[in-house]
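Engineer: Output the structure for:
(one chain, ligands or ions: 1)
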Amino acid sequence: MKVLVTAGPTREAIDPVRFISNRSSGKMGYAVAEAARDAGHAVRLISGPVALAAPEGVALVRVTTAAEMLAAVKQHVRGCDVLVMAAAVSDWRPKKIAALKLKKSDGPPRIAWEATPDILKTIAPLKKNAQVFCGFAAETDRVAAEAKRKRREKNLDAIAANDVSKKGRGFESDRNALTIFLATGRAVRVAPTTKKNCARILLGVLAGIEKKKKK
Ligand code: C5P
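Structural biologist: The predicted structure follows:
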């Protein structure tokens, strides 16, 4: 299969030296890309700024902002069989990026915010029937309900929900636990394990959906 993966956070500039971002390390998305490569798939990884080494045997596209990630996904989504959006896209960005560094002596700035584009919602109309799209949902509460709502709203075949309020998994950790909610109503639980194992199991589930669709 051709597998397209997004990983890591995005950064939205405030001024030439400052930005808003989030705690995503990129580890889950990179694990998905590596697991797909190890399973023999052709993998392209669109990555926000992370501290991880470029995985061997994977086509890497580096981006910084949500707008750049959207452009890269739009460019590469057509040819893929499976899309896994593991990136933690920043939800907001300053309406205007200050051309010059904001002076600390001027006091805390009042920043006008706007929403970034929702990448999955934007590309949903481009989705072909045989393609499998999977999102992630990082939640602190009402995990199942929120994940199911997002799966529906973003027209996904599957969404991998993880509870980021639990210690020792999720953001920055090498471990995770997932509940994968499928469009069929089925849910696959992955008990706490390494992100590598989570990635392998998730890919197995997505490959199964892809196979059924192609029949
Ligand atoms: O709505 P929420 O950000 O919680 O949804 C998470 C899912 O949506 C993830 O798969 C994430 O990559 C994707 N997303 C997106 N564009 C955004 C925000 C999130 O595609 N602007």
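Engineer: Need the three-state assignment for Val17.
Structural biologist: coil (DSSP: H, G, I helix; E, B strand; the rest coil).
Engineer: nope, Thr122 is what I meant
Structural biologist: Strictly by three-state DSSP, Thr122 counts as helix.
Engineer: quick one: the helices in the protein?
Structural biologist: Secondary structure of the chain by DSSP state H: the helices cover 27-38, 66-77, 119-123, 143-153, 195-214.
Engineer: residues of the first one that come out buried?
Structural biologist: It stands for helix 27-38. Within helix 27-38, the residues that count as buried by 16 or more other C-beta atoms under 10 Å are Lys27, Met28, Gly29, Tyr30, Ala31, Val32, Ala33, Glu34, Ala35, Ala36, Arg37. Using the backbone N, CA and C atoms, a C-beta is placed for each residue, glycine as well.
Engineer: picking up where we left off before, CSV please, covering the helices of the chain and showing mean pLDDT.
Structural biologist: Output for those, formatted as CSV (pLDDT from 0 to 100):
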stretch, mean pLDDT
helix 27-38, 97
helix 66-77, 98
helix 119-123, 97
helix 143-153, 96
helix 195-214, 96
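Engineer: Format these as TSV; extra columns: distance to Ile111.
Structural biologist: Formatted as TSV, the helices of the chain follow (distance: least, C-beta to C-beta, whole Å):
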stretch	distance to Ile111
helix 27-38	28
helix 66-77	16
helix 119-123	23
helix 143-153	27
helix 195-214	34
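Engineer: Determine which stretch of those helices is the most buried.
Structural biologist: Most buried of the helices of the chain, by mean neighbour count (mean count of other C-beta atoms under 10 Å): helix 27-38, with a mean of 25.
Engineer: on contacts alone, who are the packing partners of that one?
Structural biologist: strand 2-7, strand 42-47, strand 82-85, helix 195-214 (3 or more C-beta pairs under 8 Å, 6 or more residues apart in numbering; DSSP states H and E).
Engineer: Tell me how many other residues crowd the residue nearest to Gly168 when sequence neighbours are not counted.
Structural biologist: Excluding its sequence neighbours, the residue lying closest to Gly168 (C-beta to C-beta, 6 or more residues apart in numbering) is Arg175, at 6.2 Å. If you count neighbours by other C-beta atoms under 10 Å, Arg175 ends up with 16.
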